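S.K.: I'll drop the sequence and a predicted model, then ask my questions.
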There are 2 protein chains.
Amino acid sequence: MGKVSFDMSVSLDGFMTGPDDNAEQALGEGGERLHEWLYDLASFHAGHGREGGQANRDSEVLEEAFRNTGAVLMGRRMFDFAEPAWGDNPPFGVPVFVVTHNGRDPIPKQGGTTFNFVTGGIESALDQARAAAGDNDVMIAGGANVVQQSLRAGLIDEFQIHIAPVLLGAGRPLFGDLAAEHIELETTRVIESPGVTHLRFRVVK
Amino acid sequence: MGKVSFDMSVSLDGFMTGPDDNAEQALGEGGERLHEWLYDLASFHAGHGREGGQANRDSEVLEEAFRNTGAVLMGRRMFDFAEPAWGDNPPFGVPVFVVTHNGRDPIPKQGGTTFNFVTGGIESALDQARAAAGDNDVMIAGGANVVQQSLRAGLIDEFQIHIAPVLLGAGRPLFGDLAAEHIELETTRVIESPGVTHLRFRVVK
């Protein structure tokens, strides 16, 4: 069975969006800053069906994060915000399971992505994602609420954060609502780049 | 003129104490975990007038943080909590300026530490600390409130955080209340150790 993980870009003060994130600006005010490190990477371009871009260590880190992904889990809010931008050929290429309160029929897209809507809660959604992934990994794409639920429920095996050197001061915190859990981690890799620091952790169970 | 900086140990989710920090447990519940990386270092022992301990890279990082410190700035809350523990020979050896609403006479201690109480606000306290430090640096020792005030006021030149691989889930956030400031940083050094990751930043002004 594969592992369950997430990969998130955050500010040094732990925000994954700027303030006032909404359907018009999914990353909130100033939140684009957090993803600046990846927009010009070769693997980012490739993931969006384009050529070119920088083929460097950051590009490898990004490519590697998706390499063994067999299924994706995400929250309904993230789906609603980002679905229009993803268009007809979303950058997943695998089954995506959306945790929601309102069931609806699956939405097949081009390139192997199908959005499935799961009403039974995060553990049920993860069970379905694991089944779809087989021996491959399940990536939790976000948002913060789904990441926090997964951490609280002990469902995460490992994760990586990409720290952008900026203090946003406000926004949606990645780890904001863990409700006084004490979760011990092991740092498994640190990669320094000029515009981002990649920190990878294993959850100690 | 020296630089103004701070050095803080935080959890990966950005807390510098666990929940319920008070005079009995200054680091809050579980907060000692954040400082585990330093208790056995040679430079930590030396700072407390003891011999022994590990002489490794972490020890150098800690030693270096205090090397050019000519004065220390701290908040009243931190002073109140920690002063009993520091005893007659506090681990500073330089003038300390405490930002407070209630003036009182300076308290000289052994080893070069004198606690001075400044009622004119953080900028006034920093002016006095700079004057006392001369060509050496001013270190902001904490707590979070004084760090945040200093960042908001653009008073910090550089800082280092020591990330302990743990999610505390609650406590006192180091960067919690920056009130939607957007502060651009430059990552100037990353050092990985088994039990802690040291990230150093310059504030881009």
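M.R.: Great, that's in hand. Note that the structure is a prediction, hence the values are computed from the model and not measured.
S.K.: can you list the residues of chain A near chain B?
M.R.: Residues of chain A found near chain B (CB under 8 Å from any CB of the partner chain) are A:12-14, A:19, A:30, A:33, A:151, A:161, A:163, A:165-170, A:174-176, A:178-187, A:190, A:192, A:194, A:197, A:199, A:201. Quick note: C-beta positions are derived from backbone N, CA and C, even for glycine.
S.K.: can you list which of those residues are found in helices?
M.R.: Per DSSP state H, helices hold the following members of these: A:Leu151.
S.K.: any of the residues of chain A next to chain B buried? List them.
M.R.: A:12-14, A:19, A:30, A:33, A:151, A:161, A:163, A:165-170, A:174-176, A:178, A:181, A:183, A:185, A:187, A:190, A:197, A:199, A:201 (16 or more other CB atoms under 10 Å in any protein chain shown).
S.K.: A:Arg67 - how many residues pack around it?
M.R.: Using other CB atoms under 10 Å in any protein chain shown, A:Arg67 has 11 other residues around it.
S.K.: nearest residue to the most centrally placed residue in chain A in space, ignoring adjacent ones along the chain?
M.R.: Chain A has A:Ala141 as the residue nearest its centroid, 2.7 Å off, counting by CA atoms, centre = their mean. Distance criterion CB to CB, 6 or more residues apart in numbering or on different chains; nearest residue to A:Ala141, sequence neighbours excluded, is A:Met74 at 4.3 Å.
S.K.: can you pull the contacts of the one you found?
M.R.: A:96-99, A:140-143, A:146 (CB atoms under 8 Å, 6 or more residues apart in numbering or on different chains).
S.K.: give me the beta-bridge partners of it?
M.R.: A:Val98, A:Gly142 (DSSP bridges).
S.K.: need the pLDDT of it.
M.R.: Per-residue pLDDT puts A:Met74 at 97.
S.K.: give me the low-pLDDT residue ranges for chain A?
M.R.: By pLDDT under 70, the weakly predicted segments of chain A are A:177, A:179-180.
S.K.: quick one on the thing from earlier: the residue nearest to the centre of chain A touches A:Ala71, doesn't it?
M.R.: No - A:Ala141 lies out of contact with A:Ala71 (CB atoms under 8 Å); the separation is 10.4 Å.
S.K.: beta partners of A:Arg202?
M.R.: Here A:Arg202, judged by DSSP bridges, has bridge partners A:Glu158, A:Glu186.
S.K.: hang on, isn't it packed against A:Gln160?
M.R.: No - contact criterion CB under 8 Å: A:Arg202 and A:Gln160 do not qualify, at 10.5 Å.
S.K.: count the residues that sit near A:Ala125.
M.R.: Residues near A:Ala125, counting by other CB under 10 Å: 26.
S.K.: buried residues in the host helix or strand of it, which are they?
M.R.: Take DSSP states H and E as the rule and A:Ala125 turns out to sit in helix A:122-133. Across helix A:122-133, burial judged by 16+ other CB under 10 Å covers A:122, A:125-126, A:128-130, A:132-133.
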